[in-house]
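Asker: Structure for the following, please:
(3 chains)
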Amino acid sequence: MNASVLMIALPLLAAFLLPLTGPLARWVGPFAAALNIALGISLWQTVAQEGPSVVVMGGFAAPLGIVFRVDTLAVLFATALAALVLILWPRTSADPRRESALLLILLAAGCGLAFSGDLFNLFVFYELIAVASYGLVAASRERLAAAAGLRYLVLSALGSAFALLGIGLVYALAGTLNLADLSRHADALNSPLGLAAFALMLLGFGVKAELFPVNAWVAEVYSTATARTTALLAGGVSKLALLIVLHLVLLVYAQPAALSLLLTLGLLSIVSGQFAGYRAADLPRMLAYSSIAQLGMIAAAFSVSGEAGVLAGLALALHHLIVKPALFLVGDGWPKCVDSLAGLGRAEPWRAALFVLLALSLLGIPPLPGFWAKLLLLKALLGMGEPAWNLAAAVVLLGTAIEGAYLLRVLQTLFRGTTNAKPATFGGALPAGVLGVALLLVMLAATPVGGALQRAAQQAADVPAYVADTLGGSPQ
Amino acid sequence: METLSTATELEWLGWTFYAGSAGLVLLGCYALFAARHALRLLLGLFLLESGVNLFLVAVGFRPDAAAPILVGEQAGSMVDPLPQALILTAIVIGVGVLALGLALAVRVAKEEGTLDLAELGRRLAATHTPATAEETLPQSGRTETP
Amino acid sequence: MNDLDLLLLVSIGTTAVLFAFGTWRWAGALGTLLYALQLALLAVMRPELPLASGIGFEVLGYRLQWSLSGLGWFFAIITVASALFSAWFAAGEWGQHRRNLRLLHGGLALNVTAMLILLASDDLISLFIGWELVSWASYLAMVQRGGPAMDAAYRYLVYALAGALAVLVAIAMIAAQSPALDFGSVRVWFASAGNGTIWTVMLLTMAGFGVKMGLLPLHLWQPAAYSESPGPIAAFLGAISSRMGLFAIIVVLAQLIGLERLGNLPVAFSFWNANEFWAWLAALTLIVPTFIALTQNDARMLLAWHGIGQGGYMLLGILIATPLGVSGGLMHVINYACYQAALFLAVTAVAHRTGTTDLDHLGGLINRMPLTYVTMLFCIIGLAGLPPMNGFVSKWMIYKALLDAQMPLLFVAAVIGTLGTILSVYKLIHNTFLGQLRLEHAQVNEVPISMWLPMILLALIVFITGWMPGLFLDLVDEAVVAIGITQLPHHLGGVDLGNGGLDMLWIVGVLLAAIGIGAIVYFLGNRSVRVGQFDNYAGGQILTADVPYQYSHQFYAGLLRVIQPWMRGGMAWGERALVSGADFLGGAMSGLYRAAPAGAYLLLAVLAALAVTLL
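Answerer: Numbers count the residues shown, from 1 in each chain, chains lettered A, B, ... in the order given. Predicted coordinates for the structure are as follows:
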């Protein structure tokens, strides 16, 4: 069996066998996640040597059957998610079995989403992730966590319904759901109804991707869920939702109208997120709003057609995947109100220093990796050479300046005055530290990492090769 | 199927599917707009999902075709199987989400004493703002931005 | 490994050592020695310029490389020398009294390292990296005293961050069109770019680099940020930090775009070209802050406001684009660094003894602190641009170049700026050293040698290089050539031009002779009577010592009555408007997210999207 299938099957199997493992239950999850990382690395090497491959399920070839496409981009996302799940694995939990099972399902579904080559499977895995995330959010013992979870569930389920409607429309118009096949029949979708289908899917999947009008849950959930769940949602799940959007715009909807729609939502996310963050009085909300804006930047990057956009979005996504979870973890346990952070920089210098490092990278201060991501984003936007995308560069500039103003306010508060409060427990010290070290390693290894991302983007943006790989030499 | 014989009638059946799905979706949308109580919202959601599923049925519908189940050597045209598979999955997931939502609603009702989602939203927005902050350090308001 | 690698390595090592041993009693002395070593390395590498570093990276297809040109070398000399004098001063009694100077010494060294990296950059990305390093390093230097210093530094950093982003957008714009980002390729790209593109790139970069330089209207952060930092740091920042902005502006305007192209770049709907546009902005920069300095009642604030204005002279000189103008502008950089550092150190020395820098609460210290007085006297003469100090030479060159280039209006503007400078520096020295000694300062003593020696040395440099400007003009040559301007013929005493020159050897000689004659008359006449500082009378009324009679409050009341109506604080108003705009938008957006109805936004968005796509 192919390693990509194992990456989905193993965590699922582990999740279902969890009740039978008895005292070993604590170790099943991390073990499965670690195994997934190992599988991911081996797949990475295979892809690097032999190029992308296609796995056919159930005996039907594409476009009829279910296909998995294993390319650099998919392997990158699947492995990064597995690593994030492992790093964020809860050490103590009220109900370890249930939480482990949810995390494992999320891991399996995330890998499945990364590898899926048709809209049907993308939707199914997306829904599986959603269900797992509702459970994880509600598992928090914070006051009002269940209420936030309920509101989140209603919104997300509504989004899924609309996404399904969009998928139905696509099927009605093009007669297929296989992405490669859709790519061949893209003309059929180049109509108002096809565009409406895209809008429905964008708004539906946009709920998880924290896109502008459908992201009201973000601040509520991130300020009530446990830090590790928040980190996973902001760092991992949101990127997977954007991956679906990337597949759509890259393969199916490479038309200006669809790209403009994506760009518009991305820019609105940036503006609304940054300005709301500017007025946020407590840290988790501030980080949540910043996360909305950062994902808006990724969406804006994906709205640039061709390799430059994929590269910029990929760099931004992976950077955010490292930085934002770590920021949530560092802030976990500190007083939530920003004004109450005064003096903590002296009380807990290393923790504050980590916060500073992460915040600077988020702002794109060189030579931290965030700088390269931001440069790629601006270059991609300006490279389009169209007024709307030039405006987008200006919006990114404005948004980052606002983000700087509020993040600096936090840094400033951390080192202002002294506090006689006892140092809070730093429950997330290990995962946050690991992510911080990862950030520094990426900074030092900018050359090879940049090269690898370039190769991944190149491969992902090569649509004809994608179609040929998946459908074989089948006649047009 | 036996009662409907002519092609026109079958086509009409297809159109009723579309009309019904549109009606259900609109009904669900209305519920989501108008209702604030969690149970009504979930109900509206369920209606909307049913409407979407019906839409998918309509997409795959073909007049004069049988269910896409292979039994022996069955010949002739079949209804498109893919939407049906999609609907099956969607229904299962929908039921799961609904159950989870109801379970959450029970917990919320126990903890908060209300299922008014707008009220819950207000309560969520009120946490951790300076006005109700539990922290005791002297507050100078939001840091003055020069 | 060549000299440049060695220099960068030594500089990084200095930072590490000073952070590690910052609390040690002799950290300041150690720092001084290490800066001296860096200065020696710079002197050694002079014949090898331009010197490319062996260090380089290739990221995402862009090559990051460093190479010190004559221009960078010139600024590097000033940087390291300023750090040397600041560290020396901090190593003296001033520092011995303070317990934890880790951040001060380490921060200073970090600033130097960051500036060297910036000055040696040889492509746009390494320029940007150096730029951000400098920004954050100076933030670290500014925040040390906490409280209001942190507020000032925060304001600075928001400006700097927004400016840096503007620069980043400009770099991305170039990157989207030019195959490579090293200075050579960018120069080629500029040569082929259209006017509109160049204007966009130029406005973005000037907005970014202008923040640091304090180019109007981006200067508002600077006075508070500099004057709230600890004395030696203020001296260093005041002397060189803003000049990093000037350096980057020179790189973009003169080295990449080219001054000639600048002259051919029209401003839309006017008879101006880009060169004149920036020259007038520079003129505004040199006038407005100088007159705001007049109204300051704090010695450090007064100096910091001046720093902004003097930057205007330098930029103006360079934009004249003749050898005389460019040499004058660049020479002003090094001259200004000497006297601004010395002035900040002198004010710090006064504050060290009296505990205040409030000009309303000082006065008459001339007999108590004579050496500090001499330092300040020499340096304000330099700052005002009067002979025999070095400031006169550079300003003379700028005036002369303006007249030669037939820019009489700009010449008038420069003279108006100088007028303001003379008035406000007189206020500084008068309110500090002249007039009546305050009772609480009667027991004040001169600062010890460890503090006055660096000050006096700087003051002597100001005098000697005013006497023999050829010493500095030699250094300036390296930079002038690197910009691509022909070298200015000069000699030890000054410059020789076809239509008249300047020979300071003569001027200073005549001046000294006149002073000598005056002294002879004074001493031979022996008619002077020494009067105690409190032996005053006014209006026929004998004043007792407890009623000070000191004209320091509301200095220049008459002049200010005339010019005050012009000072409406328009730029500060603009800044406040921006902040309240951001506050308003922030309120609106967080209101949008706060307690949002569960599904209504999604439904509305779906409706809107369907309407847009289907109708």
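
Asker: low pLDDT regions in the chain?
Answerer: Defaulting to chain A. Applying pLDDT under 70 to chain A flags residues A:1, A:58-65, A:93-95, A:420-424, A:473-476.

Asker: nope, chain B
Answerer: B:1-10, B:62-79, B:127-146.

Asker: how about the helices in it?
Answerer: With DSSP state H as the criterion, chain B has helices at B:7-34, B:38-60, B:81-112, B:117-126.

Asker: Report the buried residues of the first one.
Answerer: Within helix B:7-34, the residues that qualify as buried by neighbour count (16 or more other C-beta atoms under 10 Å in any protein chain shown) are B:Leu10, B:Phe17, B:Gly20, B:Ser21, B:Leu24, B:Val25, B:Gly28, B:Cys29, B:Ala31, B:Leu32. From N, CA and C alone the C-beta is placed, and that goes for glycine too.

Asker: Let me see the contact set for the fourth one.
Answerer: Contacts here follow C-beta atoms under 8 Å, 6 or more residues apart in numbering or on different chains; on that basis B:Ser21 touches B:Gly51, B:Val52, B:Asn53, B:Leu54, B:Phe55, B:Val57, B:Ala58.

Asker: Report the rounded mean pLDDT for the one helix or strand C:Gly591 maps to.
Answerer: Using DSSP states H and E, C:Gly591 sits within helix C:570-593. Helix C:570-593 shows a mean pLDDT of 88.

Asker: One more: stretch C:184-197?
Answerer: Mean pLDDT, stretch C:184-197: 90.

Asker: So which residues make contact with it?
Answerer: Under C-beta under 8 Å, 6+ apart, the answer for stretch C:184-197 is C:123-124, C:173-174, C:177-180, C:198, C:201, C:255-258, C:261, C:265-266.

Asker: again, 10 Å this time
Answerer: By C-beta atoms under 10 Å, 6 or more residues apart in numbering or on different chains, the residues outside stretch C:184-197 that reach it are C:63, C:122-124, C:127, C:171, C:173-175, C:177-181, C:198-202, C:251-252, C:255-258, C:261, C:264-266, C:268, C:274.

Asker: Identify each buried residue in that stretch, please.
Answerer: Of the residues in stretch C:184-197, C:Ser185, C:Val186, C:Trp189, C:Phe190, C:Ala193 count as buried by neighbour count, 16+ other C-beta under 10 Å.

Asker: re earlier: would you format the helices of chain B as TSV with distance to C:Ile233 included?
Answerer: Formatted as TSV, these follow (distance: least, C-beta to C-beta, whole Å):
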stretch	distance to C:Ile233
helix B:7-34	60
helix B:38-60	60
helix B:81-112	55
helix B:117-126	44
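
Asker: is it fair to say A:Pro366 lies in a strand?
Answerer: No - checked against DSSP: H, G, I helix; E, B strand; the rest coil, A:Pro366 lies outside a strand; its state is coil.

Asker: Counting neighbours, what do you get for it?
Answerer: 24 (other C-beta atoms under 10 Å in any protein chain shown).

Asker: How about the contacts made by the closest residue to it other than its chain neighbours?
Answerer: Nearest residue to A:Pro366, sequence neighbours excluded (C-beta to C-beta, 6 or more residues apart in numbering or on different chains): C:Ile129, at 4.2 Å. Residues near C:Ile129 by C-beta under 10 Å, 6+ apart: A:Ile365, A:Pro366, A:Pro367, A:Phe371, C:Leu64, C:Trp66, C:Ala114, C:Ile117, C:Leu118, C:Ser121, C:Asp123.

Asker: try C:Gly328
Answerer: The neighbourhood of C:Gly328, defined by C-beta under 10 Å, 6+ apart, consists of C:313-314, C:316-318, C:320, C:322, C:335, C:393-402, C:473, C:476, C:488, C:495.

Asker: what do you get for B:Ile87?
Answerer: The contact partners of B:Ile87, by C-beta under 10 Å, 6+ apart, come to A:Leu164, A:Gly168, B:Val52, B:Asn53, B:Leu54, B:Phe55, B:Leu56, B:Val57, B:Val59, B:Gly60, B:Gly94.

Asker: Please determine how far it is located from B:Leu100.
Answerer: B:Ile87 sits 20 Å away from B:Leu100, going by C-beta to C-beta, to the nearest Å.

Asker: got it, and A:Phe198?
Answerer: From A:Phe198 over to B:Leu100 the distance is 29 Å, taken as C-beta to C-beta.

Asker: Show me which of the two is the more surrounded one.
Answerer: Set side by side, A:Phe198 and B:Leu100 show more neighbours around A:Phe198, with 25 against 19, by other C-beta under 10 Å.

Asker: what helix or strand is that one on?
Answerer: helix A:192-206.

Asker: packing partners for that helix?
Answerer: Packing contacts for helix A:192-206, counted by 3 or more C-beta pairs under 10 Å, 6 or more residues apart in numbering or on different chains; DSSP states H and E, involve helix A:119-138, helix A:145-174, helix A:238-247, helix A:256-279, helix A:283-302, helix C:600-614.

Asker: closest to A:Trp217 out of those helices?
Answerer: helix A:145-174 (4.2 Å; C-beta to C-beta).

Asker: Please see if the closest one touches chain B.
Answerer: Yes - using C-beta under 10 Å from any C-beta of the partner chain, we find that helix A:145-174 touches chain B at A:145-158, A:160-173.

Asker: Filtering those residues by proximity to chain C, which remain?
Answerer: Among these, proximity to chain C is found for A:150-158, A:161-162, A:165-166 (C-beta under 10 Å from any C-beta).

Asker: Could you single out the nearest of these to C:Thr375?
Answerer: Closest to C:Thr375, out of all of these and judged by C-beta to C-beta, is A:Tyr152, at 67.5 Å.

Asker: got the contact list for C:Gln340?
Answerer: C:82, C:226, C:234-240, C:242, C:303-304, C:306-307, C:310, C:379, C:382-383, C:458.

Asker: three-state assignment of it?
Answerer: Once three-state DSSP is applied, C:Gln340 turns out helix.

Asker: got a pLDDT number for it?
Answerer: Looking at C:Gln340, the pLDDT reads 92.

Asker: how close does it get to A:Ala401?
Answerer: Distance from C:Gln340 to A:Ala401, by C-beta to C-beta: 30 Å.

Asker: need the residues of chain B near chain C, please.
Answerer: Contact residues (C-beta under 10 Å from any C-beta) of chain B with chain C: B:28-36, B:38, B:41, B:44-45, B:48, B:117-126, B:129, B:142-146.
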